[in-house]
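Engineer: Have a look; sequence and predicted model below, questions after that.
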Amino acid sequence: MAGGKLTPRQKMINLMYLVFIAMLALNMSKEVLSAFGILNKKLVESNGLTTARNDDAFQQLAQKASEQSGQYGDKKVKVEKIRALCKDFYGYVENLKSSSSKEFDLNEEGVFEKMDKGDYFENLFFKRDKVSKEGKEFVSKLQNFPLEVKKIGGSAIAEEEMNKIMNRFSTAEIKSKKAGATLSWIDYNFKGFPLIASITKLSQLQADIKTT
């Protein structure tokens, strides 16, 4: 929703996210679990700030549309539709996060160290060795989101910007050196990870929605 411009804070958080993902190749210590928890908190906080900025930008657009409907009216309509699309997808991801962590008090000291099991999302997204109905739904929403943004925005979204959005939500297969094989996107991202790491990934996905 923010048009793809990342603040220095968001760039820092994204970098930290990549570093912590790389650390998963090491032993999953309590310190790493806590680090994921801290990063998740920062992402949640950043998403809240982005929401406020997006709301403010939309109010400015709405004001312009009321004063110059010929120039801004169509833009406002498109933005409203994209905002509704983002809200729906963001809420879906938020529900995944809250459902997975409902047994934990996230304000409890040391709680992230207890979130070291990956059972929740492995049981939700997979059935034996195949992707479950819920897993397919998740991937489908990821794939459809940028397509819907493009459909709504049309030529108002520059090609370069649209390519960024498409890449941001790509679900292409990934070559895994560790597995020695090419894995599906959901397999690569949600199998074998502790719960707090998966929740952090979902918070990053929400950040991508807000950025879009």
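Structural biologist: Looks like it arrived, so ask away. Numbering: from 1, shown residues only.
Engineer: the strands in the chain, which residues?
Structural biologist: Using DSSP state E, the strands of the chain run over 126-127, 130-131, 174-176, 181-183.
Engineer: which outside residues touch the last one?
Structural biologist: Same thing as strand 181-183. Contact partners of strand 181-183, identified using C-beta atoms under 8 Å, 6 or more residues apart in numbering, comprise 173-176. Using the backbone N, CA and C atoms, a C-beta is placed for each residue, glycine as well.
Engineer: Which one (most neighbours) among those residues?
Structural biologist: Using other C-beta atoms under 10 Å as the neighbour criterion, residue 174 leads the contacts of strand 181-183 with 15 neighbours.
Engineer: Excluding sequence neighbours, find me the nearest residue to that one.
Structural biologist: The spatial neighbour of residue 174 that comes closest, neighbours along the chain excluded (C-beta to C-beta, 6 or more residues apart in numbering), is residue 188 at 4.4 Å.
Engineer: re earlier: need the winner for burial among the strands of the chain.
Structural biologist: strand 126-127 (a mean of 14; mean count of other C-beta atoms under 10 Å).
Engineer: Format the contacts of strand 181-183 as CSV; extra columns: distance to residue 30.
Structural biologist: What follows is the contacts of strand 181-183, written out as CSV (distance: C-beta to C-beta, whole Å):
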residue, distance to residue 30
173, 33
174, 28
175, 31
176, 26
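Engineer: For residue 9, report the pLDDT, please.
Structural biologist: Note on residue 9: pLDDT of 68.
Engineer: Likewise for residue 32?
Structural biologist: Per-residue confidence (pLDDT) for residue 32: 82.
Engineer: would you list the strands of the chain in CSV and tack on mean pLDDT and distance to residue 96?
Structural biologist: Shown next, in CSV, are the strands of the chain (pLDDT from 0 to 100; distance: least, C-beta to C-beta, whole Å):
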stretch, mean pLDDT, distance to residue 96
strand 126-127, 94, 14
strand 130-131, 95, 15
strand 174-176, 85, 21
strand 181-183, 88, 20
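Engineer: can those strands go into a markdown table with extra columns for distance to residue 100?
Structural biologist: Output for the strands of the chain, formatted as a markdown table (distance: least, C-beta to C-beta, whole Å):
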| stretch | distance to residue 100 |
| --- | --- |
| strand 126-127 | 14 |
| strand 130-131 | 17 |
| strand 174-176 | 22 |
| strand 181-183 | 21 |
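Engineer: Residue 59 is nearest to which of those strands?
Structural biologist: strand 174-176 (39.9 Å; C-beta to C-beta).
Engineer: report the longest helix in this structure, please.
Structural biologist: helix 30-67 (DSSP state H).
Engineer: tell me which residues in it are buried?
Structural biologist: 32-37, 39-40, 42-44, 46-47, 50-51, 54, 65 (16 or more other C-beta atoms under 10 Å).
Engineer: Ranking helices and strands of the protein by mean pLDDT, which lands last?
Structural biologist: Across the helices and strands of the chain, mean pLDDT, DSSP states H and E gives its lowest value to helix 8-23, namely a mean of 65.
Engineer: Do I have it right that residue 117 meets residue 196?
Structural biologist: No: checked against C-beta atoms under 8 Å, the pair residue 117 and residue 196 is beyond contact range at 9.8 Å.
Engineer: Name the residue in those two with the higher neighbour count.
Structural biologist: Ranked by neighbour count (other C-beta under 10 Å), residue 117 and residue 196 place residue 196 first, with 30 against 11.
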